[in-house]
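Visitor: Provided below for reference: sequence and predicted model.
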Amino acid sequence: MDTKKYTTRIKKIFIFLGISFLLWGCPLCLSVPHGYNVIIPGLIKITPLDSMYHQGDTIIISVRFPSRMPIQNVNNNTVDIYETTGERSAGIVSELHTIIEPNTYEILEGKFIDRQVYVEYYDAVDEYRFKARVIFNLTGNYDLRGGSLIEFPLPPENPKCNKRGFFSINTTIEGEDDDGHIRFTVLP
């Protein structure tokens, strides 16, 4: 085989591979992002939870869980959420805003921004928390789905890729009915 033809073929292969990487991205990034998905019912609490309230009544909405959770990962180790994700807060995908927003509220722990509830990490107790005091102004029927998702983004497995997995906690509101809803009425 002619050395010049061999060298030309090698150059073409490298050029093809280079263009392929540019067009389709790094092949190391093609894997599905890693992550954890756990189910922990009842992390969200409404106190007192009742079927009927009156205008001016107060409830507390709270979420509280430790960073070190007894969740087994693939290596059979418990997972420390803060250590694993480095995240100081995480959004809760829920309908809690339908109780908080139309009423008078005070956020005692965590955050509530743009209709989104966030748990915050508290170093002193190694816990994630959200707590809000809500005073009912709006009368009527309230009906919210209790199923909620708390998502913490994980760092990419490969620093050259931007694909991220999530540490996800599927949870519910303590006291949901059989249909997975929280229903109550606020009277004048």
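Guide: Ah, there it is.
Visitor: do you know how far the residue most central in space within the chain is from residue 59?
Guide: Nearest residue to the geometric centre of the chain (Cα atoms, centre = their mean): residue 151, 1.5 Å. Residue 151 is 25 Å from residue 59, where distance means Cβ to Cβ, to the nearest Å. C-beta: built from backbone N, CA, C; applies to glycine.
Visitor: go on, residue 98?
Guide: Using Cβ to Cβ, we find residue 98 at a distance of 13 Å from residue 59.
Visitor: and those two? which has more neighbours close in?
Guide: With neighbours defined as other Cβ atoms under 10 Å, residue 98 and residue 59 compare such that residue 59 has more, 21 against 16.
Visitor: Assess the claim that the more buried one and residue 45 are in contact.
Guide: No - look at residue 59 against residue 45 with Cβ atoms under 8 Å: they stay out of range, at 9.9 Å.
Visitor: on that earlier part again, look up which residues are beta-bridged to the residue nearest to the centre of the chain.
Guide: Judged by DSSP bridges, the bridge partners of residue 151 are residue 91, residue 168.
Visitor: what are the ranges of the helices in this structure?
Guide: Assigned by DSSP state H, the chain shows helices spanning 3-24, 81-85, 97-100.
Visitor: and these, which one is worst for confidence?
Guide: Of all those, mean pLDDT reaches its minimum on helix 3-24 (a mean of 55).
Visitor: so where's the protein uncertain?
Guide: Within the chain, the stretches with pLDDT under 70 are 1-35, 70-77, 156-164.
Visitor: Domain boundaries for it, per the record?
Guide: 1-30, 32-187 (automatic domain parsing).
Visitor: Which stretch among the ones you listed is buried most, on average?
Guide: domain 32-187 (a mean of 16; mean count of other Cβ atoms under 10 Å).
Visitor: And residue 105, how far from residue 136?
Guide: In terms of Cβ to Cβ, residue 105 sits 10 Å off from residue 136.
Visitor: With residue 145 instead?
Guide: 20 Å.
Visitor: if I read this right, residue 176 contacts residue 184, doesn't it?
Guide: No - the pair formed by residue 176 and residue 184 falls short of the contact definition of Cβ under 8 Å, at 11.9 Å.
Visitor: Do I have it right that residue 37 meets residue 168?
Guide: Yes - with contact defined as Cβ under 8 Å, residue 37 reaches residue 168; the gap is 4.7 Å.
Visitor: What's opposite residue 185 in the beta bridge?
Guide: The residues listed as beta-bridge partners of residue 185 by DSSP bridges are residue 52, residue 141.
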